[in-house]
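Need the 3D shape of this:
(chains A and B)
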There are 2 protein chains.
Amino acid sequence: MLGFARELRVLGELLDLSSSAGVTCLGSQDEQGSGFLALFRALALDDGIDHILMISGSTRREIMRSLRSKLMSLVLDKALNLIGLVAAGNQTLVDLIRESELSRSTTHRLLSTLVAHGYLSYSSKRYDLGFKLLELGEKKKRSLDFVETLRPTLQEYAERVGDTLHLAILDGPDIILVERIAGRRELQIRSHVGQRAPAYRTAVGKALIGRRPSHTWNAYLQNIPKHYARNMTEIRSEFENAKRRRFATDFEEVSLGTCGVAAAFRVNQFVDAAVSINGATVYFQNDRLTQLSSTVIEMADRFQSILGNSGK
Amino acid sequence: MLGFARELRVLGELLDLSSSAGVTCLGSQDEQGSGFLALFRALALDDGIDHILMISGSTRREIMRSLRSKLMSLVLDKALNLIGLVAAGNQTLVDLIRESELSRSTTHRLLSTLVAHGYLSYSSKRYDLGFKLLELGEKKKRSLDFVETLRPTLQEYAERVGDTLHLAILDGPDIILVERIAGRRELQIRSHVGQRAPAYRTAVGKALIGRRPSHTWNAYLQNIPKHYARNMTEIRSEFENAKRRRFATDFEEVSLGTCGVAAAFRVNQFVDAAVSINGATVYFQNDRLTQLSSTVIEMADRFQSILGNSGK
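Prediction:
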């Protein structure tokens, strides 16, 4: 059994677990014992320690296989988190070591690999997002070919409406903005293509959820913060409204002073999308809102027929 | 020493090296010996085996540290390659296992982690690029704010010229297209934002290299394929021309039947960019080429003054 404990300790050492986030080397100075515990803490398998101390030789292979998977995920996690840290503005090696809580050598090695693959760039001693991300992001965007198809019509409406227009789709519990045309107002809503927000807070999200079977609605409501202004029942009734009236709204649910009105449409047998008009609440008084709700429904209908006519 | 060999064997097993590309388990049935060799083959350290068999206890820590780094890179490499395989159109688990030459469990685990981070998406039993890539790609794009600044003027020229216009910057030995406005011709050049090409083959690349110190030029010429139509001396003289005449051209150097003419300009103290007019060679007869070379130089001058005036 000591052999196995030793293997695990070596692993912990190799994968630099003792210096990574959430892992503490327990106090024992017994080399094999402390390494062993440290490793399992890192893998969140604390409760398995006693059990594993008693395992037989044949179970060992199983455990090693499962550990291997976990360790690979762990390394990949660390690397992807580094990309996130760079995206969030941590550009120097010192910043990245501090924020990632990884050792200097691990941080440096993972960063080098990311630079070699073009996911990060490095110059003047600063890391930045790499062009590989631009390339892959653009590829993803091109796969959303309905956006390309709808752009001219969306632009036409943008001229007419004067507020910011968005196209969005659902991705799990979130919406993702896949197109944005800025408005002409003094107050502009800050948003960008690729932006993600919890679906239940947004007009586009409610419009899209309203088109899904109602037994799925609760799934979208699972992460409402404790002190959120609206409760589950209120939001569910907005999904219901969206379904019945064909449009949905949000008022200061994404950010203070902003609002939106949206309607959903069918892209193809797998995907629905929604179009919204967004801006500062001061521009969306009651009469205008009624008018805008007709406009988004008209847009959604027109988009659906364009996509239908082009055989998609 | 047997203890160390055993540690290495365990590592090889844990990191699934025996089933990964380029790693062969050597014939020996000696468990410790074969694992040991297998591991070092995987790390391309064959020539170190004898040496390592003789290492002292204090060197062991050094070697473990270096191995740790290498193993982490290896895992990350595998994962990033999976993203590349998905981008290239391999969407099913079976395809990805075959193309990556990884084991089923490793492939599955790495894919799951990539999906969890949004780098890939998974639905209807198919993997696709994830929205995280769109988000990061857009972020990278926004960091190139000069593109945004120049877009209206670029669009103006696009109307006037009628051919496809590109903006590009240098990234190492390559150029990256950072903006594209499609032309109105029957024959369209296929290109996209984020696209990468060896700089020495492209008009934008030559224009950009022409602005760099001539002692750096050879670095751009290192990867010319053996049977390429132009040799190093010819291409160097094109860099020279680009420097002297302020524009550069490419004729069927990127693809058969296409060509381009480009001029470079200064974005800020760190970055130069180039603008090009590209299309089918049939539209670029001699007279017109002379005219277009004036046009790109005019564009480059205008862009530079816009960026200068806006205080960048």
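
So which residues on the stretch 201-312 of chain A come close to chain B?
Proximity of the stretch 201-312 of chain A to chain B, by Cβ under 8 Å from any Cβ of the partner chain, involves residues A:Phe270. C-beta here means a position set from N, CA and C on the backbone, and glycine is covered the same way.

So out of everything in the stretch 201-312 of chain A, what residue is nearest chain B?
Using Cβ to the nearest Cβ, the point where the stretch 201-312 of chain A gets nearest to chain B is A:Phe270, with a distance of 7.4 Å.

any idea which helix or strand carries that residue?
A:Phe270 is located outside every helix and strand, with elements delineated by DSSP states H and E.

Check A:Glu179 too.
Secondary structure assigned from DSSP H and E places A:Glu179 in strand A:174-181.

and that strand, how far out from the chain's middle?
Shown here is strand A:174-181, whose average C-alpha point lies 12 Å from the average C-alpha point of the whole chain (Cα atoms, centre = their mean, to the nearest Å).

Name the strands paired with it and say parallel or antiparallel.
Using DSSP bridges, strand A:174-181 pairs in its sheet with strand A:164-171 (antiparallel), strand A:196-198 (antiparallel).

for those strands, which one ends up most surrounded?
strand A:164-171 (a mean of 24; mean count of other Cβ atoms under 10 Å in any protein chain shown).

The residue of the stretch 201-312 of chain A closest to chain B: neighbouring residues, count only.
By the criterion of other Cβ atoms under 10 Å in any protein chain shown, A:Phe270 has 8 neighbours.

how close does the closest residue to it other than its chain neighbours get to B:Gly118?
For A:Phe270, the nearest residue in space outside its immediate sequence neighbours is B:Ser124; the separation is 7.4 Å by Cβ to Cβ, 6 or more residues apart in numbering or on different chains. The gap separating B:Ser124 from B:Gly118 is 18 Å, by Cβ to Cβ, to the nearest Å.

And for the spatially closest residue to A:Arg245 that is not a sequence neighbour, the neighbour number?
With Cβ to Cβ, 6+ apart as the criterion, A:Arg245 has its nearest non-adjacent residue at 7.7 Å, and that residue is A:Ser293. Neighbour count for A:Ser293, taken as other Cβ under 10 Å: 20.

How about A:Gly89?
Counted with other Cβ under 10 Å, the neighbours of A:Gly89 add up to 8.

same question, A:Arg266
Using other Cβ under 10 Å, A:Arg266 has 16 neighbouring residues.

Torsion angles phi and psi at it?
Dihedral angles phi and psi of A:Arg266 (degrees, to the nearest 10) take the values phi -90, psi 130.

what sits opposite it in the beta ladder?
According to DSSP bridges, the residues that bridge with A:Arg266 are A:Asp272.

Look up how far A:Glu148 lies from it.
For A:Arg266, the distance to A:Glu148 equals 17 Å [Cβ to Cβ].

Report the closest residue of the stretch 151-300 of chain A relative to chain B.
Taking Cβ to the nearest Cβ as the measure, the point where the stretch 151-300 of chain A comes nearest chain B is A:Gly194, at 3.6 Å.

What is the helix or strand hosting A:Thr106 packed up against?
Under the criterion DSSP H and E, the helix or strand holding A:Thr106 is helix A:104-116. Helices and strands in packing contact with helix A:104-116 are listed as helix A:57-87, helix A:93-100, strand A:120-123, helix B:57-87; criterion 3 or more Cβ pairs under 8 Å, 6 or more residues apart in numbering or on different chains; DSSP states H and E.

and the third one, what does it pack onto?
Strand A:120-123 makes packing contacts with helix A:57-87, helix A:104-116, strand A:126-129 when contacts are defined by 3+ Cβ pairs under 8 Å, 6+ apart.

Mind putting these into TSV with mean neighbour count?
Rendered in TSV, the data for those read as follows (neighbours: other Cβ atoms under 10 Å in any protein chain shown):
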stretch	mean neighbour count
helix A:57-87	18
helix A:104-116	19
strand A:126-129	18
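
Export the ones you listed to CSV and append columns for mean pLDDT.
Conversion of these to CSV gives the following (pLDDT from 0 to 100):
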stretch, mean pLDDT
helix A:57-87, 75
helix A:104-116, 91
strand A:126-129, 94
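
With distance to B:Trp217 added, can I get the ones you listed in TSV?
Below are these laid out as TSV (distance: least, Cβ to Cβ, whole Å):
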stretch	distance to B:Trp217
helix A:57-87	31
helix A:104-116	24
strand A:126-129	25
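
More neighbours: B:Ser124 and B:Gly118, which one.
Between B:Ser124 and B:Gly118, B:Gly118 has the larger neighbour count (other Cβ under 10 Å), namely 21 against 7.

SS state for the more buried one?
Classification of B:Gly118 using DSSP: H, G, I helix; E, B strand; the rest coil returns coil.
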